[in-house]
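Enquirer: Return atomic coordinates for the entry below.
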Amino acid sequence: MRNLILSCFVLLLIGCGPKSIPYSQKTNSVNPNETARTHYEWGLEYAKAGDLSQAVTEFKLAIEHEPRWAIPHYNLGSVYGNMGVLDKAIIAWERATQLDTDFAKAHYNLAVAYAVKAERTLGSGGKRTYIEKSIVSLREAIRVDKSTLTAAKMEEAFDSIQELPEFKELVNSTEPK
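Expert: Predicted coordinates:
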């Protein structure tokens, strides 16, 4: 299961997801400064090469130089996801969605991460909270990009919540009539 989750995060990191968004369009930094862009590009290179700890460092430096640029936050989350540090991944993706409310991939990754957290949580109260957060994040991803509905139906991370009424309601309310 863990390898499957890591594989999903790797695919999301390299751009195989519902929608490829090269740069966020809704941040105060539509054109990030050169230093931030350089660290961001280095972060991508390190991530592709498998040096995830150095990728984290570079994405953090990009964020330091351009804190309102959503894309480095998103990629930082993806790297943390690949490292299995789900709580830090969630924090980074949450920040990306705060900076750009229409960042479909960040919302989708949050939905997947919360579904995984729900699966790992023992108490029903905590599990319920993560399920609710997963549904909310998935709803936002679908609002922005309808094609995420198709991806969600096939997403193995949602296997544990697909039979829940909230998930079924979301699917039924967003499917084309």
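Enquirer: Skipping its backbone neighbours, what lies nearest the most centrally placed residue in the chain in space?
Expert: Nearest to the mean C-alpha position of the chain, by C-alpha atoms, centre = their mean, lies residue 109 at 2.6 Å. Among residues not flanking residue 109 along the chain, residue 93 sits closest, at 5.1 Å (C-beta to C-beta, 6 or more residues apart in numbering). Any C-beta I mention is one placed from the backbone N, CA and C, and that applies to glycine too.
Enquirer: Verify the stated contact: the one you found with residue 113.
Expert: Yes. With contacts counted by C-beta atoms under 8 Å, residue 93 reaches residue 113, the gap being 6.9 Å.
Enquirer: who has more neighbours, these two?
Expert: Legend: neighbour count by other C-beta atoms under 10 Å for residue 93 and residue 113, higher for residue 93 (30 against 26).
Enquirer: and the helix or strand where the more buried one lies, which residues are buried?
Expert: For residue 93, the host element (DSSP states H and E) is helix 86-99. Under the neighbour-count criterion of 16 or more other C-beta atoms under 10 Å, helix 86-99 has 86, 88, 89, 90, 92, 93, 94, 95, 96, 97, 99 buried.
Enquirer: thinking the second one is in contact with residue 80, fair?
Expert: Yes. Under the criterion of C-beta under 8 Å, residue 88 lies in contact with residue 80, with a separation of 4.3 Å.
Enquirer: contacting residues around residue 167?
Expert: Residue 167 makes contact with 135, 158, 161, according to C-beta atoms under 8 Å, 6 or more residues apart in numbering.
Enquirer: Number of residues surrounding the first one?
Expert: If I follow you right, that is residue 135. Other residues near residue 135 come to 20 when the count uses other C-beta under 10 Å.
Enquirer: No more questions from me, cheers.
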